[in-house]
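K.L.:
Just the structure for this:
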Amino acid sequence: MLYQEEIETMSRKKLEELQLKRLQDTVKRVYRNVPFYQKKLLEQGITPDDVQTLTDIKKLPFTKKTDLRANYPFGLLAVSMKEVIRIHSSSGTSGKPTTVAYTKNDINHWAEIMARCIAACGGEPGGILHNAYGYGLFTGGLGIHYGSEKLGMATVPVSAGNTERQVMLIEDYKPTVITATPSYLLNIIETMDKLGIDPQNTSLQYGILGAESWSQEIRTHIEERLNIKAMDIYGLSEVMGPGVGIECKEVQNGLHIAEDHFLVEIIDPESLEPVPDGEEGELVFTSLTKEAMPVIRYRTGDIASIIPDPCQCGRTHKRISRIKGRIDDMLIIRGVNVFPSEIESALLQFEELVPHYQLIISREGALDKVTLKVEINEKIYKSINQNLEHDKIKHLTARIYRKIKNSCLISVETLVESPGSIPRSEGKAIRVLKLNEKHVKI
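P.N.:
Below you'll find the model as predicted:
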């Protein structure tokens with residue numbers, strides 16, 4: 001379903017004309033109203049009049065998360081506080097959080113974008129959507145909520161947590177769409193199993209999952225267990241929230257960027273130069289319609305690529321690949337670069353394991369040591385009489401070691417643990433613990 005067909009199938013020429021007009025308006029807005037951006041532009045000898053084509057985006061300065069924190073809480077506002085009707089912020093796991101503000105128009109735009117996203121994933125007016133994203137300062141819950149209502153769906157604002165109640169509401173209200181982090185949906189599936197409910201026999205047809213990186217193997221697992229189609233959604237509070245990009249249910253390959261609202265670039269994180277379509281690099285976004293807190297060339301830290309081919313669903317906006325990981329999530333283990341998602345993909349090849357794991361990074365002298373905790377499924381656990389010293393476990397551990405070594409080129413000490421031993425998530429999963437740091441990496 002196309003919620004805004006004229007916009008979603010707009011010709012490239014018209015779309016780029018619209019983008020240029022909105023980019024010029026945005027640059028004028030920040031130059032006039034945001035001292036931080038005015039100073040940055042003047043330092044580079046740039047004024048709004050220098051933005052004559054979309055390629056002139058390369059003349060503009062980058063914005064980083066540290067800039068948002070340095071201007072906490074309202075130093076990047078481009079409007080009066082009288083015009084602000086909503087404030088969100090990041091989780092702020094270290095130092096000051098990043099604050100984002102919204103005008104009435106910002107909220108309306110966001111609702112329309114999210115309605116577009118939910119429709120692309122199978123949502124329809126008159127249907128029911130079960131929203132298990134967290135509400136509050138996190139943008140996920142309210143972002144989905146407003147879009148669902150805008151589309152005309154009955155929205156169940158259950159938020160995250162109280163998982164048995166979630167299962168009951170799914171059974172009783174019979175939603176067709178569920179939204180959650182992938183790790184929390186895995187938790188819901190496990191709870192269904194424990195309650196004797198067959199996950200394949202619910203009313204659910206579609207899942208809209210995001211807020212954390214998740215592998216194709218996790219997608220396959222979720223789709224098979226719930227008998228649904230699971231789509232990836234992308235967003236970040238600094239740019240807007242969820243809805244910056246979405247997969248379509250027809251293809252499920254690449255996230256359509258709402259290019260009428262966001263200008264997307266992929267750059268080399270070292271040289272800061274653009275990379276060709278199809279090559280991986282760092283995602284950079286410029287907001288085109290945000291009034292309260294526009295961002296210019298915001299470096300997300302997320303790794304992806306542009307998919308140049310047109311999509312079979314008929315939408316004409318650019319697509320990006322699914323997020324491979326974050327630059328700061330990349331692990332360097334004894335000289336080898338590896339993302340947690342690559343280890344996850346390897347682990348999901350083992351039918352003896354459940355899709356929960358933790359990587360524990362510690363120091364062994366001057367070198368990093370990696371310990372991988374995995375969890376055996378209940379069926380295998382019972383077949384070995386709950387004996388984790390059994391030869392089957394030793395054999396499994398050796399196979400996991402070889403798989404990780406061959407796939408990711410790193411050696412890990414693997415610990416196979418009993419069912420339920422790895423903490424379950426009600427939001428974003430904690431997959432990596434760095435014991436030599438003051439805080440936990442997510």
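K.L.:
I'd say L54 and Q24 touch.
P.N.:
No. L54 lies out of contact with Q24 (Cβ atoms under 8 Å); the separation is 10.1 Å. Where you see a C-beta, it was placed from the backbone N, CA and C, and this is true even at glycine.
K.L.:
Of the two, which one has the most company?
P.N.:
Neighbour totals were compared for L54 and Q24, and Q24 leads with 16 against 13 (other Cβ atoms under 10 Å).
K.L.:
Quick one: residues contacting the more buried one.
P.N.:
When contacts are counted by Cβ atoms under 8 Å, 6 or more residues apart in numbering, Q24 touches P48, V51.
K.L.:
On the C-terminal side of the helix or strand where E6 lies, identify the next helix or strand.
P.N.:
Using DSSP states H and E, E6 falls within helix 5-8. With elements assigned by DSSP H and E, the helix or strand that comes after helix 5-8 is helix 12-33.
K.L.:
Going by neighbour count, list what's buried in that following helix.
P.N.:
Going by neighbour count (16 or more other Cβ atoms under 10 Å), the buried part of helix 12-33 is 15, 18-20, 22-24, 26-27, 29-31, 33.
K.L.:
ditto for stretch 64-78
P.N.:
Buried residues in stretch 64-78 (16+ other Cβ under 10 Å): D67, L68, R69, N71, P73, L76, L77, A78.
K.L.:
Give me the distance between the closest residue to E212 other than its chain neighbours and K64.
P.N.:
Closest residue to E212 apart from its sequence neighbours, by Cβ to Cβ, 6 or more residues apart in numbering: K428 at 4.7 Å. According to Cβ to Cβ, to the nearest Å, K428 and K64 sit 21 Å apart.
K.L.:
What of A304?
P.N.:
From A304 to K64 the distance is 18 Å (Cβ to Cβ).
K.L.:
Over to D49?
P.N.:
In terms of Cβ to Cβ, D49 sits 26 Å off from K64.
K.L.:
What is the strand or helix carrying E224 packed up against?
P.N.:
Assessed by DSSP H and E, E224 sits inside helix 216-226. Helices and strands touching helix 216-226, as assessed by 3 or more Cβ pairs under 8 Å, 6 or more residues apart in numbering; DSSP states H and E, comprise helix 182-194, strand 206-210, strand 229-236, helix 340-347, strand 353-364.
K.L.:
try it again with 6 Å
P.N.:
strand 229-236 (3 or more Cβ pairs under 6 Å, 6 or more residues apart in numbering; DSSP states H and E).
K.L.:
G301 against D329, yeah?
P.N.:
No. With contact defined as Cβ atoms under 6 Å, G301 does not count as touching D329 (8.5 Å).
K.L.:
Give me the nearest residue to the residue most central in space within the chain, chain neighbours excluded.
P.N.:
Most central in the chain under Cα atoms, centre = their mean is A211, positioned 3.6 Å from the mean C-alpha point. Using Cβ to Cβ, 6+ apart and skipping the chain neighbours, the partner closest in space to A211 is T181 (4.9 Å).
K.L.:
Could you identify the helix or strand that succeeds the least confident helix or strand in the chain by mean pLDDT?
P.N.:
Least confident helix or strand, the chain: strand 331-333 with a mean of 72, by mean pLDDT, DSSP states H and E. Moving toward the C-terminus from strand 331-333, the next helix or strand (DSSP H and E) is strand 336-338.
K.L.:
and that next one, average pLDDT?
P.N.:
The pLDDT scores in strand 336-338 average 76.
K.L.:
who does it pair up with?
P.N.:
Strand pairing for strand 336-338, using DSSP bridges, gives strand 331-333 (antiparallel).
K.L.:
Got the phi and psi for V84?
P.N.:
phi -80, psi 130 (degrees, to the nearest 10).
K.L.:
The nearest residue to S159 once chain neighbours are set aside: neighbour count?
P.N.:
In space, and not counting its chain neighbours, S159 is closest to Y135: 4.7 Å by Cβ to Cβ, 6+ apart. Other residues lying near Y135 total 16 when counted by other Cβ under 10 Å.
K.L.:
With G147 instead?
P.N.:
The number of residues near G147, taken as other Cβ under 10 Å, comes to 30.
K.L.:
what's the distance between it and D172?
P.N.:
24 Å.
K.L.:
can you check I208 too?
P.N.:
From I208 to D172 the distance is 21 Å (Cβ to Cβ).
K.L.:
same question, Q44
P.N.:
For Q44 relative to D172 (Cβ to Cβ), the value is 58 Å.
K.L.:
Looking at these two, which one has more neighbours?
P.N.:
Q44 (11 against 8).
K.L.:
residues contacting that one?
P.N.:
P61 (Cβ atoms under 6 Å, 6 or more residues apart in numbering).
K.L.:
Repeat that for Y37.
P.N.:
Per Cβ under 6 Å, 6+ apart, neighbours of Y37: V30.
K.L.:
Doesn't it belong to a helix?
P.N.:
Yes. Membership of Y37 in a helix is supported by DSSP: H, G, I helix; E, B strand; the rest coil.
K.L.:
Please point out which parts of stretch 43-50 sit buried.
P.N.:
Those would be I46, P48, for stretch 43-50 by 16+ other Cβ under 10 Å.
K.L.:
Let me see the mean pLDDT of it.
P.N.:
According to the model, stretch 43-50 has a mean pLDDT of 96.
K.L.:
gap between the two ends of it?
P.N.:
14 Å (Cα to Cα, to the nearest Å).
K.L.:
gap between that stretch and the chain center?
P.N.:
Centre-to-centre, stretch 43-50 and its host chain are 33 Å apart (Cα atoms, centre = their mean, to the nearest Å).
K.L.:
Would you list the phi and psi of S425?
P.N.:
Dihedral angles (degrees, to the nearest 10) for S425: phi -100, psi 140.
K.L.:
so who does it touch?
P.N.:
S183, Y184 are the contacts of S425 under Cβ under 6 Å, 6+ apart.
K.L.:
show me where this protein has helices.
P.N.:
Using DSSP state H, the helices of the chain run over 5-8, 12-33, 35-43, 65-70, 104-120, 139-151, 163-173, 182-194, 216-226, 340-347, 378-383, 391-408.
K.L.:
For C248, find the nearest of those helices.
P.N.:
Closest to C248 of the helices of the chain, according to Cβ to Cβ: helix 104-120, at 4.6 Å.
K.L.:
For the closest one, buried residues please.
P.N.:
Buried residues in helix 104-120 (16+ other Cβ under 10 Å): 106-107, 109-120.
K.L.:
likewise stretch 264-273?
P.N.:
In stretch 264-273, counting by 16+ other Cβ under 10 Å, buried: V264, E265, I266, I267.
K.L.:
got a list of what A211 touches?
P.N.:
Contacts of A211 (Cβ under 6 Å, 6+ apart): G140, T181, K428.
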